[in-house]
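Could you work out the structure for the sequence below:
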Amino acid sequence: MRDGEIPENPAVRRWQLAETLRKLREECALTHDQVIEKLRQGQGTWSRPKLSRIENREQGVKPRELDQLLTVYGVADPALANWLRQLAGNSRRRGWLADVRKHLPPEFHQFLDWETALVARRQFSTLLVPGLLQTTEYARCLISGVNPELTGDEVEQRVMARMARQQILGRADPPQLHVILDAGLLERPVGGPTVMRRQLRHLADAADHAHISIQVLPKSVGAGPALEGPFSILTLPDPVPDIGYTEGPSYTAYIEDRDEVRDYTLRFGILTQQALSQSKSLELVREAAQSFG
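Residues are numbered from 1 along each chain as shown. As a prediction, this is how the structure comes out:
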């Protein structure tokens, strides 16, 4: 654990703070009850449930309470203490993130909080080009096709929100993005031949960046993890553990259980081995683009 940059959004800041405090307690070999016994010798109202809620991200921690915890855990590093105090700050969400949230479904807000702070993302996609790699035309056709009930203005708002999300790939310290695409999606003409041709060329161009890796899972691969459907593994700043993520027409699932996330990681590793190399994958992507005229 060490000091670092402060994420823009409160959700990730609270998770970093909670995970760090939990690890500090464990490094001191203290139980919740032992910590509470020490805290009760000072000021403030402390209880075992309160400490559990703080470590589980269910409750924030006030500056005075944070200082009490740091004293109990014997934190002598001023840089670490200052970093934790900044994480505990009450800064409000500002700028483009707040604007984007207004145009996205509520069930997607948690994901957006995490996406803006990504260190890396591993993603397997079966039917659609991932949102971070979509062109404006492709996104517009996709959003209107999947959501026929949306008005033209609502479609445009979601398209603009999706394009705004992509700016994380152009920042000074972009996340590492490793995408595995099922070969079938290269043949699905979302928006027609012209839109699809431009989308596939955009995919190939994106892979020129060192922080973006694209592989294609060929149709020749038989039974395997691909048949379980699309999923992502999100890596956030230390000390937050990896998160699994999957979604469908009527659900969004965030997986935090360590064993389940480990299973997703294993599945992605197998798919990486089963997929074509990046060079062969990009050859296939470019050939698919040419097939659309």
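
What's the end-to-end length of stretch 114-134?
For stretch 114-134, the first and last residues are 19 Å from each other (C-alpha to C-alpha, to the nearest Å).

Can you give me the buried ones in it?
Neighbour-count burial for stretch 114-134 flags 114-118, 121-126, 128-134 (criterion: 16 or more other C-beta atoms under 10 Å). Every C-beta, even on glycine, is put in place using the N, C-alpha and C of the backbone.

Tell me how far it lies from the chain's centre.
Stretch 114-134 sits 8 Å away from the centroid of its parent chain (C-alpha atoms, centre = their mean, to the nearest Å).

How about stretch 209-227?
On the basis of C-alpha atoms, centre = their mean, the separation between the geometric centre of stretch 209-227 and that of its chain is 19 Å.

which residues sit against that stretch?
124, 126, 133, 169, 174-184, 186, 203, 206-207, 267-268, 270-272, 274-278, 280-282, 284-285 (C-beta atoms under 8 Å, 6 or more residues apart in numbering).

For it, what does the pLDDT average out to?
Across stretch 209-227, pLDDT averages out at 91.

which parts of that stretch are buried?
Within stretch 209-227, the residues that qualify as buried are 212-217, 221, 225-226, counting by 16+ other C-beta under 10 Å.

Return the subset of the residues you listed lying in strands.
Counted as lying in strands by DSSP state E, out of the buried residues of stretch 209-227, are 212-217.

one step back: tell me which of the contacts of stretch 209-227 fall in strands.
The subset of the contacts of stretch 209-227 located in strands under the criterion DSSP E comprises 124, 176-182.

Looking at the residues you listed, which is nearest Leu69?
Lowest distance from Leu69 to those (C-beta to C-beta) belongs to Gln176, with 32.9 Å.

Could you list everything that closest one pairs with in the sheet?
Ala120 (DSSP bridges).

I'd like the numbering to begin with 44 instead of 1 from here.
All right, first residue 44 from here; so that's Gln219.

pLDDT score for it?
97.

now swap in Ala131 and tell me
Here, the pLDDT recorded for Ala131 equals 83.

do Asn52 as well
For Asn52, the model assigns a pLDDT of 63.

what's the answer for Arg136, then?
Among the per-residue scores, Arg136 shows a pLDDT of 47.

Asp300 too?
Taking Asp300 on its own, its pLDDT is 93.
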